[in-house]
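*Asks:* the sequence and its predicted three-dimensional model are supplied below.
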Amino acid sequence: MHEMAITQSVVHAVCDRMGDAQIRRICLEIGTLSGVVADSVRFCFDLITEGTPLEGASLEIIQPTGRARCRDCGAEFALNDLLVLCECGSANRELLAGEELKIREVEVMA
Amino acid sequence: MCATCGCSGETILEPHEHDHEHQHEHGHGHSHTRTVTLEQAVLARNDALAELNRKWLAERSILAVNLMSSPGAGKTTLLERTIRELGSELRVSVVEGDQETVLDADRIRATGAPAVQINTGSGCHLDAKMLAGGLQTLDPPEGSVVLIENVGNLVCPALFDLGEQARVVITSVTEGAEKPRKYPQMFRAADLVLLNKIDLLPYVRFDIEDFLDGARRANPGVEVLQLSATTGDGVADWYGWLRVRLP
């Protein structure tokens, strides 16, 4: 359950950037191939943010799905997990989306 | 722009009808907020510390290798053998990560190598800050090798950069051949995969071709070495892999 540590990292990152500003809303991008379970982040968000400037903030999570480009045939394809091969049979692919783990934006009290 | 009080470039958290008279002061029941685009990596702080570790290690020409596996795959046994057999050739020290106990660090110290134990408590992985603390305590000499035994777990450690030069995933034939398919994130993060306990192959059902196919799907081109930390079969290839990475 690394989502506790991930959520703690969200708090650190926001405080590093925004200081003590009170956060009303936060928008995260957690790709479906990132290895982080969005529901688990939601589950522990209130607990982790208690007593921080993010306490009470609404949490929005955008979950980009996986896309890759085959390095052998050039085809682009969707992948639901990291085991999907290109239709040409190649595993040699470049991930274009799905591994995002970032804070897109925050809404702070003006 | 908010027509009520003239603030600009801001999001109104609680939009209201603007049909009221402007006879009041601010603080009239609605909140003003502004949206700030961050586009920042969630793990930015860990990644920055990892870069500091990497720089610290590079300045001292130290090779740091992060060893990750599920509990019981044989990490500590492999480290013990590695230190006993390479100890005269390489100066090896060890950072041990476990939730509790100093048992593994004691096993390593019994081989004569310096070791520091990091107990993560409820934490399921080492992070860059923990490694920095471990390196300070160990104070490894220039030109040496630091082997980092991460917390036994095939999920969480994959996400946290420690500042190591290489990541090694160890799995054993007793765990089953489907591990790369079940934990592709971990195998994708690996620079090297060690398949341990091959001395037990006659006694367990383990399809090596299926295992290699799973590893290739998760991480095309990843190097896989087969060995037994107990009997020593195949460990020469692991030592060779280490030697060519020495700074």
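*Replies:* Received the coordinates, thanks.

*Asks:* and the helices in the chain, which stretches?
*Replies:* In the absence of a named chain, this looks at chain A. A:3-18, A:38-49 (DSSP state H).

*Asks:* not quite, go with chain B.
*Replies:* For chain B, the helices defined by DSSP H occupy B:44-59, B:75-86, B:103-109, B:128-138, B:179-182, B:184-188, B:208-218, B:235-244.

*Asks:* next, format the ones you listed as a markdown table and append mean pLDDT and mean neighbour count.
*Replies:* In short, each C-beta sits where N, CA and C put it, glycine included. As requested, these are exported to a markdown table (pLDDT from 0 to 100; neighbours: other C-beta atoms under 10 Å in any protein chain shown):
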| stretch | mean pLDDT | mean neighbour count |
| --- | --- | --- |
| helix B:44-59 | 96 | 16 |
| helix B:75-86 | 96 | 20 |
| helix B:103-109 | 91 | 18 |
| helix B:128-138 | 96 | 19 |
| helix B:179-182 | 96 | 22 |
| helix B:184-188 | 95 | 23 |
| helix B:208-218 | 96 | 18 |
| helix B:235-244 | 97 | 15 |
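
*Asks:* TSV for these, including distance to A:V36?
*Replies:* Shown next, in TSV, are the helices of chain B (distance: least, C-beta to C-beta, whole Å):
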stretch	distance to A:V36
helix B:44-59	13
helix B:75-86	25
helix B:103-109	28
helix B:128-138	17
helix B:179-182	17
helix B:184-188	10
helix B:208-218	17
helix B:235-244	30
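
*Asks:* what residues does chain B have near chain A?
*Replies:* By the rule C-beta under 8 Å from any C-beta of the partner chain, the part of chain B lying against chain A is B:7, B:10-11, B:13, B:31-46, B:122-125, B:127, B:155-156, B:158-160, B:181, B:184-185, B:188, B:214, B:216-218, B:220-221.

*Asks:* next up, the contacts around the residue nearest to A:Q8 when sequence neighbours are not counted.
*Replies:* Nearest in space to A:Q8, with sequence neighbours left out and distances taken as C-beta to C-beta, 6 or more residues apart in numbering or on different chains, is A:I48 at 5.6 Å. A:I48 sits next to A:4, A:7-8, A:10-11 when contact means C-beta atoms under 8 Å, 6 or more residues apart in numbering or on different chains.

*Asks:* out of the helices of chain B, the one nearest A:E76 is which?
*Replies:* The closest of those to A:E76 is helix B:208-218. By C-beta to C-beta, the value is 18.1 Å.

*Asks:* which elements pack onto that closest one?
*Replies:* For helix B:208-218, the helices and strands in contact under the criterion 3 or more C-beta pairs under 8 Å, 6 or more residues apart in numbering or on different chains; DSSP states H and E are helix B:179-182, helix B:184-188, strand B:192-196, strand B:223-226.

*Asks:* quick one, what contacts the most centrally placed residue in chain B?
*Replies:* The residue lying closest to the centre of chain B (C-alpha atoms, centre = their mean) is B:P157, at 3.7 Å. For B:P157, the contact set (C-beta under 8 Å, 6+ apart) comprises B:66, B:68, B:124-126, B:150-151, B:186.

*Asks:* cutoff 10 Å now
*Replies:* Contact analysis of B:P157 by C-beta atoms under 10 Å, 6 or more residues apart in numbering or on different chains lists A:2, B:66-69, B:97, B:124-127, B:148, B:150-151, B:167, B:169, B:186, B:189.

*Asks:* and it, what pLDDT?
*Replies:* Turning to B:P157, the model gives it a pLDDT of 92.

*Asks:* same deal with B:H26?
*Replies:* 49.

*Asks:* again with A:M109
*Replies:* Reported pLDDT for A:M109: 88.

*Asks:* for chain A, give me the ranges with low pLDDT.
*Replies:* Flagging of chain A using pLDDT under 70 yields the residue ranges A:1.

*Asks:* tell me which residue is most central in it.
*Replies:* A:I30 (1.9 Å).

*Asks:* out of the helices of chain A, indicate the one that is most buried.
*Replies:* Across the helices of chain A, averaging neighbours per residue (mean count of other C-beta atoms under 10 Å in any protein chain shown) puts helix A:3-18 on top, at a mean of 20.

*Asks:* for chain B, longest strand please?
*Replies:* Longest strand in chain B by number of residues, with DSSP state E as the criterion: strand B:32-41.
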